[in-house]
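Chemist: here's a sequence, model it:
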Amino acid sequence: MEDNEVCEHLAAIKTLKQPKVYVCEECIKTGDEWMHLRTCQTCGVTLCCDSSPNMHMSKHARTDGHPVAISAEPGERWLWCYVDEMMAEY
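Modeler: Model (predicted):
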């Protein structure tokens, strides 16, 4: 990915944090279900996407100020910046 084609948050990601487990770390505590998973590139937590009822990753991005997550879905290779609403493939 070209640095000039992405926002500063995406350009700052040099090493990807991969999911440790394939569960939403918040939904699993309450027994809730999720659709797809995302892994935060600041702290490495894996949480559910906006198609999921609890939208934990976007809440995490807003509350904790962690702007970028990758898709934790097998075979998907992209990052999303919650601040600039921009995607980049890798």
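Chemist: ok, the residue nearest to residue 5 when sequence neighbours are not counted - contacts?
Modeler: With Cβ to Cβ, 6 or more residues apart in numbering as the criterion, residue 5 has its nearest non-adjacent residue at 7.5 Å, and that residue is residue 88. Where C-beta positions appear, they are placed from N, C-alpha and C, glycine not excepted. By Cβ atoms under 8 Å, 6 or more residues apart in numbering, residue 88 lies in contact with 1, 5-6, 10, 78-79.
Chemist: now do residue 33
Modeler: 27, 52-53.
Chemist: below-threshold pLDDT in this protein: ranges please.
Modeler: 1-4 (pLDDT under 70).
Chemist: output the contacts of residue 33 as CSV; include the columns secondary structure, distance to residue 46 and neighbour count.
Modeler: What follows is these, written out as CSV (DSSP: H, G, I helix; E, B strand; the rest coil; distance: Cβ to Cβ, whole Å; neighbours: other Cβ atoms under 10 Å):
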residue, secondary structure, distance to residue 46, neighbour count
27, helix, 10, 18
52, coil, 12, 20
53, coil, 17, 11
